[in-house]
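Asks: quick one, what's the 3D model for this:
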Amino acid sequence: MIKFNQVTWYSQLTAIILGVMIFFAGIYVGEYGESKKHQTSDTDPINSIHNSQAENSSADTSWVFEEASTNNLDGKPQTNIFLTVKKGDREIEQLIDTVDGDCSLGRENMNEDIEVRCYYAGLGQWYRVNHVADDTYLVERKLHEEALPDVDVKNYEWEIITKYTLF
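Replies: Numbers count the residues shown, from 1 in each chain. Here you go, the predicted structure:
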């Protein structure tokens, strides 16, 4: 037979557990419920004054990051990377990749073009645009591993993942 005090104690414990679950659900929805904001480049990687090949290019580029409708193996949302290349009245917009983790714009130093950098669990994927001819642009990707200073990691080379021709 259950006494009145035991019922009250179980009710209080149930209320506390339910309250903690609602609290964490609110944090989860606040952090992952809203889609990621678009980020665009203030400095055009194609027109960068530091890239001698791109100085003659009059194309504008912009990178957009958007939360994908798919999740990675850990259940976290993936990120879609879009690139728009516009020159005059010609414009191409394309999904470049869908990656785990978050992306941002960045560069190692002021002498480099702006790159897209995406990281998740110690592995990075970097993206850049190169102007190679009048209306031809290459999008390249490079893997980047993060590790402790005493660990030798492979130095990956840039690989071409897509080619744009504005005609």
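Asks: Lys163: how many residues sit nearby?
Replies: Counted with other Cβ atoms under 10 Å, the neighbours of Lys163 add up to 10. (Glycine included, C-beta is placed from N, CA and C.)
Asks: hang on, it in a strand?
Replies: Yes. Assignment of Lys163 by DSSP: H, G, I helix; E, B strand; the rest coil places it within a strand.
Asks: what is the neighbour count of Phe23?
Replies: Neighbour count of Phe23, defined by other Cβ under 10 Å: 10.
Asks: right, and the helix or strand after the host helix or strand of it?
Replies: For Phe23, the host element (DSSP states H and E) is helix 4-32. From helix 4-32 onward toward the C-terminus, using DSSP H and E, the following helix or strand is strand 60-71.
Asks: that following strand packs against which elements?
Replies: Strand 60-71 sits against strand 77-87, strand 102-106, with contacts defined as 3 or more Cβ pairs under 8 Å, 6 or more residues apart in numbering; DSSP states H and E.
Asks: and the angle from it to strand 77-87?
Replies: 160 degrees (axes from the mean of the first three to the mean of the last three Cα atoms, to 10 degrees).
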